[in-house]
Structure formats: C-alpha cells, structure tokens
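1. Sequence and predicted structure are below.
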Amino acid sequence: MAAKALTLDDAKKANLAVIEDDRGAQAVHDVVVAMHANRRTGSANTKTRGEVAATGKKPWRQKGTGRARAGGNASPIWRGGGVVFGPRPRDYSKKVNKATRRLAFAKALSERIKDGGVFVVDGFSVSDGKTKSYVAEIQGNTDAAKVLVIANEFDEATKRAARNHASSLLMTASEVNTEHLLYFNAIIVVKDALETLAARTGSN
C-alpha cells in the first residue's frame, strides 16, 4: 500500500503534539546549534614558547653583534617558535534541557507535517536484503532525493539493504532527533511508530 501524507488533523488524532503557531522556533535553533557544537572535538592545539622543542640557549651575545637582542630560539617571531594566542584544547559542548529538546522536536515535526513532507505507511521492510529492492521500496512511497524512514524497529535484512544507500537513513522512533527531521526532504513513518513519536513530542 502506498504512503499516505500525514495531515495536521491526522497527527492530532494520533496524539502528536502539533505546534501551529510561532512557539518553538527558538528551541529548534538552540537544539541544532547545540548538536553541531557537541560534534566538535575541540582538540586543536598549538604549542606556546614554553612547549616547543628548543634548546633555550641564547643564540648570540646580548651586545656588539649589531643584531636585535634575542633571548632564545623559542620566540614566536622565529620560525619554529611558539604560537601566541593559538588554539588550545577546549570543550565546545552546549547543554539543552529536556523541555527545550522536546519542544524543538515537536516544532520540527509539526513544520514537516505542515509542508507535506511526512508520509505514513503500514509497514516498511526489504525481505531479500538487497539495496535495489530497498530503493524500489523507497521510490514506491516518495520521489524525494533524501528520505528518512522511521519505525519502532527494523529487521536485519532491511538494515542490510539500506547500508549502501547514502541518500536515505533508517532511524528508530526513539532515536530520531530534531536535526534528522529538518535535514531530509521526505519522512516515511511506519504507523506503529506514531505512538512513540507522540510520547516524545510531549502529548499525553
């Protein structure tokens, strides 16, 4: 059976917390910025003049040579010397509270539903585990270039079939995040995953 576009009314019937006003836009921004920041390693590092491998020996005497005074070969003005105000290891991570993450998730999902980018199917599986079959299954539901498929779980054959298809992604309803919802052109949701998504949007 072909996918059916999820409408706002359908979403409400499925107990999804739909946000139709401007609430949540800032939450989406904060969550996405935090996710990007948390992926930064913060491992860039340069050595100061005290850390470079240098002898510390004065290269020439203080007076009488006609050259500028030099106290050592680790000076930042020398090639191979230390770096002034260079990057040091740091933690870029940002914390976002649970309420903000939930609001952002609900807002992002609501916006995707409003723009017609969310489709519901009764089931999604590729029994032969072949990428060709997987692509056919995707294209049977949407012709979007980048597709996210959400279910409560996927069988091993379906996971194997999806591995080599770079423009789509399988995600469980408990793991999918705000950034996933915003990135893909179309989202296919297996019907039984709607309950999990409803719980994550904060609907009771």
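-> All right, it came through fine.

2. all helices of the protein, in order?
-> 8-13, 25-38, 98-114, 131-139, 156-162, 178-183, 194-201 (DSSP state H).

3. what's the closest of those to residue 59?
-> Among those, helix 25-38 comes nearest to residue 59, with 43.4 Å by Cβ to Cβ. C-betas here are computed from N, CA, C, even on glycine.

4. Tell me how many other residues surround residue 110.
-> 23 (other Cβ atoms under 10 Å).

5. Which residue is the nearest non-sequential neighbour of it?
-> Counting by Cβ to Cβ, 6 or more residues apart in numbering, residue 110 lies nearest to residue 19, which is 4.4 Å off, once chain neighbours are set aside.

6. Residue 189 too?
-> In space, and not counting its chain neighbours, residue 189 is closest to residue 150: 4.8 Å by Cβ to Cβ, 6+ apart.

7. One more: residue 160?
-> Take residue 160 and drop its neighbours on the chain: the residue closest to it by Cβ to Cβ, 6+ apart is residue 129, 4.3 Å away.

8. Now do the same contact list for that neighbour.
-> By Cβ atoms under 8 Å, 6 or more residues apart in numbering, residue 129 lies in contact with 156, 157, 158, 160, 161.

9. try it again with 10 Å
-> Residue 129 is in contact with 155, 156, 157, 158, 159, 160, 161, 162, 163, counting by Cβ atoms under 10 Å, 6 or more residues apart in numbering.

10. which non-adjacent residue is nearest the fifth one?
-> Counting by Cβ to Cβ, 6+ apart, the nearest residue to residue 159 once its immediate chain neighbours are dropped is residue 170, at 6.4 Å.

11. State the distance from the one you found to residue 32.
-> 21 Å (Cβ to Cβ, to the nearest Å).

12. So between those two, which is more surrounded?
-> Set residue 170 next to residue 32 and count neighbours by other Cβ under 10 Å: residue 170 wins out with 22 against 18.

13. Check the more buried one and give its pLDDT.
-> pLDDT recorded at residue 170 is 98.

14. which residues sit in contact with the spatially most central residue of the chain?
-> The structure's the chain has its C-alpha centroid closest to residue 179; by Cα atoms, centre = their mean the separation is 5.3 Å. Going by Cβ under 10 Å, 6+ apart, residue 179 touches 28, 31, 32, 35, 36, 104, 108.

15. from these, which single one is nearest residue 7?
-> Using Cβ to Cβ, the contacts of residue 179 come closest to residue 7 at residue 108, 17.0 Å.

16. Find me whatever residue is spatially closest to the closest one, sequence neighbours aside.
-> Spatially, and ignoring its direct neighbours in sequence, residue 108 is nearest to residue 181 (4.2 Å; Cβ to Cβ, 6+ apart).

17. And the one you found, how far from residue 83?
-> In terms of Cβ to Cβ, residue 181 sits 41 Å off from residue 83.

18. who's more crowded, those two?
-> residue 181 (25 against 15).
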